[in-house]
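Q: Just need the structure, nothing else, for what follows:
(2 chains)
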Amino acid sequence: MSQITEDDIKSLIKTDAEKAFRMIIDMYGSKLYWHIRRIVIIHDDADDALQNTFISAWKNISTFRFESSLLTWLWSISTNEALTLIRKRERQNAVSIDDIDGIFAQSLEGNSYFDGDDASVKLQNAILKLPVKQRAVFNMKYFDDMSYEEMSGVTGTSVGALKASYHHAVKKIEQFLQND
Amino acid sequence: MKLNDEIKKGNPFKVPEGYFDTLTERTMSAIRSSRDEEDAVTETERPVRRISLKPYLALAAAILGFAVISTVMVRVVMADRAAAENETGNALYADLAAEELDTYMIEYELGQTETVDITGNGQAVSSDVIIDYLMTEDIDLNDIYELL
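A: Have a look, this model is predicted:
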């Protein structure tokens, strides 16, 4: 069976939206899950944000003109959903983002869905020290190997600012690992 | 410790067994539920639109509406007169909410700032790039203004 492309989905979405959407989830579901998971850390939260991402995409697919890639569009929605969920958790727990990160860091070490070695735990703890938007920027570049141009399409932030943000994130993480 | 030298980029997170096998079905089910909820809301709204007012209620509503509009118009005219007498030059900002005004002021200040060479290699960095960067660092707009 030949590889399904975004052009196939673009044609199918007009005739059989549900089938097209199944294809979209099959193609990008796991990729988006890992992107969200690295931001929100906890599996259940990542699952919630992923469901919300696809529900939002379903509602708005008719307005998407396929001028950018479908993955970039979904990436953008999933980043927003992940950041929204973190802010929601912050409000629910009536604590600041920094405290939330402390809670995440604790859950990371005792998390049954985390099996990294010591170095991975240290790295994730260091990433959690970053401001939440910078965390998303770092993850997209470091783990997902996205180009700055793609990241700019996802975040709406200029390429220059993203380069500076990533550069400073790396410095902060290295400093944290040095002192830890 | 250097990031790329010492730590592998491996994925330390795990998911429950079979999570991705059922992802498509669960997601489509969530989408259908969300769609059904929206349809149900739309259905319950329809009868409300069909209800027509009885004639005497329509008359009462018309009289009340006329009274409200008259009162509002009188107040607007009076307020305009008072404003014309007391206005001392703040008309430019009159329609701006406090937050919009803050953003306007920051943009104005940035407009006054020339591009600067902060990289040390002769590359000028525009104020747009600086403000974007500061915002990814979660710095409040008011703090950015203070830093200018």
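
Q: could you dump stretch A:41-48 to PDB, C-alpha only?
A: Extracted C-alpha coordinates of stretch A:41-48, given in PDB (Å, rounded to 0.1, in the frame of the first residue of the first chain):
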ATOM      1  CA  ILE A  41       5.100  15.500  31.600                       C
ATOM      2  CA  ILE A  42       2.100  13.500  33.000                       C
ATOM      3  CA  HIS A  43       0.600  10.900  30.800                       C
ATOM      4  CA  ASP A  44      -3.100  11.600  31.700                       C
ATOM      5  CA  ASP A  45      -2.600  15.300  31.000                       C
ATOM      6  CA  ALA A  46      -0.900  14.500  27.700                       C
ATOM      7  CA  ASP A  47      -3.800  12.300  26.700                       C
ATOM      8  CA  ASP A  48      -6.400  15.000  27.600                       C
END
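
Q: That one and chain B, are they touching?
A: Yes: Stretch A:41-48 is in contact with chain B by Cβ under 8 Å from any Cβ of the partner chain, via A:H43, A:D47. (Glycine included, C-beta is placed from N, CA and C.)

Q: Show me which residues of that stretch are buried.
A: Judged by neighbour count (16 or more other Cβ atoms under 10 Å in any protein chain shown), stretch A:41-48 contains these buried residues: A:I41, A:I42, A:H43, A:D45, A:A46, A:D47, A:D48.

Q: mind listing what residue 137 touches?
A: If you meant another chain, say so; for now it's chain A. The contact partners of A:V137, by Cβ atoms under 8 Å, 6 or more residues apart in numbering or on different chains, come to A:M151, A:T155, A:T157, A:L162, A:S165, A:Y166, A:A169, B:T136.

Q: actually it's chain B I care about, not the one you picked
A: By Cβ under 8 Å, 6+ apart, B:E137 lies in contact with A:P131, A:K133, A:Q134, A:S165, A:H168.

Q: In those residues, which residue is surrounded by the most others?
A: Most neighbours among the contacts of B:E137, by other Cβ atoms under 10 Å in any protein chain shown: A:S165, with 27 neighbours.
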